[in-house]
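Return a 3D structure for these sequence lines:
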Amino acid sequence: MSLRGAALAFALLALTACVTFERAPVATLACDPALAGQWRPVNGGPQDRDIVVSADCTMQWPEENGGTYTTTLAGFALDASRYLVFAPAVADRLMNANGDMLRTAPRGSVFLARYRIDGDRATVWLADGDETMRPLAKGQARGRRLDASNVHVEGSRKAIAALLRARGETLFDSDANGMGTLTLQRIAPEITP
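As a prediction, this is how the structure comes out:
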């Protein structure tokens, strides 16, 4: 995986284990209007290009080659925690992984990113592979290590929701300066006279 490509939204995934989930824990995904805006990476990303999200959650993603990838953000909330859901093909493109994520992700699985928006600052966390393995090893959730750097969480929507409710804070690193964390600042639109 290219660290620069990953840096914009999931900057440090290349340095942590990739965690896939058998399915999203909800039947219907939705657009979070709070995501709308122009976002500049503050921690974990290059400062040269912004991420733009429209009111309908269409995201304009800067790519390494200078182009822009367009995709739609969709997610869900569990209690006070919010998550984005990405199909492996989208995650692979956002990470500039050159097919690595497509080769390792089980068919039909998804990648989740937990996020919090505080005013004009957003923090996005990726699941930590080691933390995810703890409840799996204890039999508190189902899943398996796919290889040295990939973990897959299995189960029904209800089981995955229960895991996220019970351990979301630890599965997704809540240290804003930690590995697998990206901090973004919403940029006010320029005012023209």
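
Please make it C-alpha for all contacts and neighbour counts, starting now.
Will do.

and the helix or strand where Gln60 lies, C-alpha only, in CSV?
Following DSSP states H and E, one finds Gln60 within strand 58-62. Extracted C-alpha coordinates of strand 58-62, given in CSV (Å, rounded to 0.1, in the frame of the first residue of the first chain):
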residue,chain,number,x,y,z
THR,A,58,-20.5,12.7,-2.7
MET,A,59,-16.9,12.8,-1.9
GLN,A,60,-14.1,14.2,-4.1
TRP,A,61,-11.0,12.3,-3.1
PRO,A,62,-7.5,13.6,-4.3
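
That strand packs against which elements?
Counting contacts by 3 or more C-alpha pairs under 8 Å, 6 or more residues apart in numbering; DSSP states H and E, strand 58-62 is packed against strand 51-53, strand 68-72.

Please name the strands paired to it in the sheet, noting orientation.
strand 51-53 (antiparallel), strand 68-72 (antiparallel) (DSSP bridges).

can I get the ones you listed in a markdown table with mean neighbour count?
As requested, the strands paired with strand 58-62 are arranged in a markdown table below (neighbours: other C-alpha atoms under 10 Å):
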| stretch | mean neighbour count |
| --- | --- |
| strand 51-53 | 20 |
| strand 68-72 | 14 |
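
Tabulate those strands in CSV, adding columns for mean pLDDT and distance to Gly155.
Formatted as CSV, the strands paired with strand 58-62 follow (pLDDT from 0 to 100; distance: least, C-alpha to C-alpha, whole Å):
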stretch, mean pLDDT, distance to Gly155
strand 51-53, 93, 31
strand 68-72, 94, 26
